[in-house]
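K.L.:
turn this into a structure:
(one chain, ligands or ions: 2)
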Amino acid sequence: MAERLPVAVLGANGRMGSEAVRAVSAAGDMELVAALGRGDSLEGLLDAGARYVVDLTVPDATEANVRFAVEHGIHAVVGTTGWSEERLGALRRLLAASPGTGVLIAPNFALGAVLASAFAAKAARYFESVEIVELHHPDKVDAPSGTAVRTAQLIAAARSEAGLGASPDATTTALDGARGADVDGVRVHAVRLRGLVAHQEVLLGGPGEQLTLRHDSFDRASFMPGVLVGLREVAAHPGLTVGLDGYLDLGL
Ligand SMILES: NC(=O)c1ccc[n+]([C@@H]2O[C@H](COP(=O)([O-])OP(=O)(O)OC[C@H]3O[C@@H](n4cnc5c(N)ncnc54)[C@H](O)[C@@H]3O)[C@@H](O)[C@H]2O)c1
Ligand SMILES: O=C(O)C1=N[C@H](C(=O)O)CCC1
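P.N.:
Ligands and ions are numbered 1, 2, ... in the order given. Alright, predicted model coming up:
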């Protein structure tokens, strides 16, 4: 029988981390060797013999956690948001010095969300206008969501490749924030509402028609199959992969 993957979870007491602890513990091909929270030393990863780490912490902590993992040849599956291009560049340089190590930065582990972003990128070239509305629980610390940023980037790249300019917008006066954030030229609006988990709508408009691509995570269980796919695949993908779609054959 193949050896079980020795996995550690960082942020183990959080909303996502506690769900990941349950999912890894229940996976027959994995062994949960450490569950670390804020204030725990990362040396605990080495003491526990972790070869895989899942990071579900906070934007301020994730970069140092992943750096520690890579420096010790531990594969990392990262769901924490806040990875700017600058941070990703530094991580790529770090990984170049650790050629066998894999890191997945996945802004969203829910299969439906990954598909919705891919569909949006596919559709983007056919519509004059596009805006994104992301809706989350009010305990979320970052806005816009990592998923919305990634979706906007994919859409912007597709529009640019198709030679499309900016979405039409005649606004000349507006209250600060009224038109949302500008992510690579795509307007992103963030809603924070008690009762929500994680939701996103991509609105694509053309003359006389609208296509709306909506995804809803009603429960954090929705993210766990993607976390497990990430753990099973990360060692086979050395270097940095951004987006779970990098491990899936979406055929789009
Ligand atoms: N990729 C996805 O599919 C996905 C889904 C949901 C949430 N997220 C992201 O995951 C992150 C966590 O979300 P959450 O809702 O679980 O937040 P949360 O606040 O419930 O949990 C974060 C946990 O990390 C702990 N923590 C902080 N610094 C730490 C450190 N240095 N080491 C270990 N633990 C530390 C906190 O004490 C807390 O328990 C956020 O960035 C969120 O955007 C990603
Ligand atoms: O609950 C959160 O926080 C979420 N964060 C990710 C993001 O910022 O995109 C994924 C969805 C849930």
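K.L.:
next up, the contacts around residue 37.
P.N.:
Listed by Cβ atoms under 8 Å, 6 or more residues apart in numbering, the contact set of residue 37 reads 11-14, 17. Where C-beta positions appear, they are placed from N, C-alpha and C, glycine not excepted.
K.L.:
which SS state does residue 191 fall under?
P.N.:
strand (DSSP: H, G, I helix; E, B strand; the rest coil).
K.L.:
circling back to that earlier point, out of the contacts of residue 37, which are buried?
P.N.:
11-12, 14, 17 (16 or more other Cβ atoms under 10 Å).
K.L.:
from the residues you listed, which two are the most distant?
P.N.:
12 and 14 (7.3 Å; Cβ to Cβ).
K.L.:
now do the strands in the stretch 51-200 of the chain.
P.N.:
Along the stretch 51-200 of the chain, counting by DSSP state E, counting those that start in this stretch, strands occupy 52-55, 75-78, 102-105, 129-136, 181-183, 186-192, 198-206.
K.L.:
residues touching the closest residue in space to residue 25 that isn't next to it in sequence, list them.
P.N.:
Leaving aside its sequence neighbours, residue 25 sits nearest to residue 32 (Cβ to Cβ, 6 or more residues apart in numbering; 4.9 Å). Contacts for residue 32 (Cβ under 8 Å, 6+ apart) come out as 7-9, 21, 24-25.
K.L.:
cool, residue 178 as well?
P.N.:
Residue 178 neighbours (Cβ under 8 Å, 6+ apart): none.
K.L.:
hang on, residue 191 packs against residue 137?
P.N.:
No: with contact defined as Cβ atoms under 8 Å, residue 191 and residue 137 do not form a contacting pair (10.4 Å).
K.L.:
how about the contacts made by residue 52?
P.N.:
5-8, 30, 74-77, 231, 234-235.
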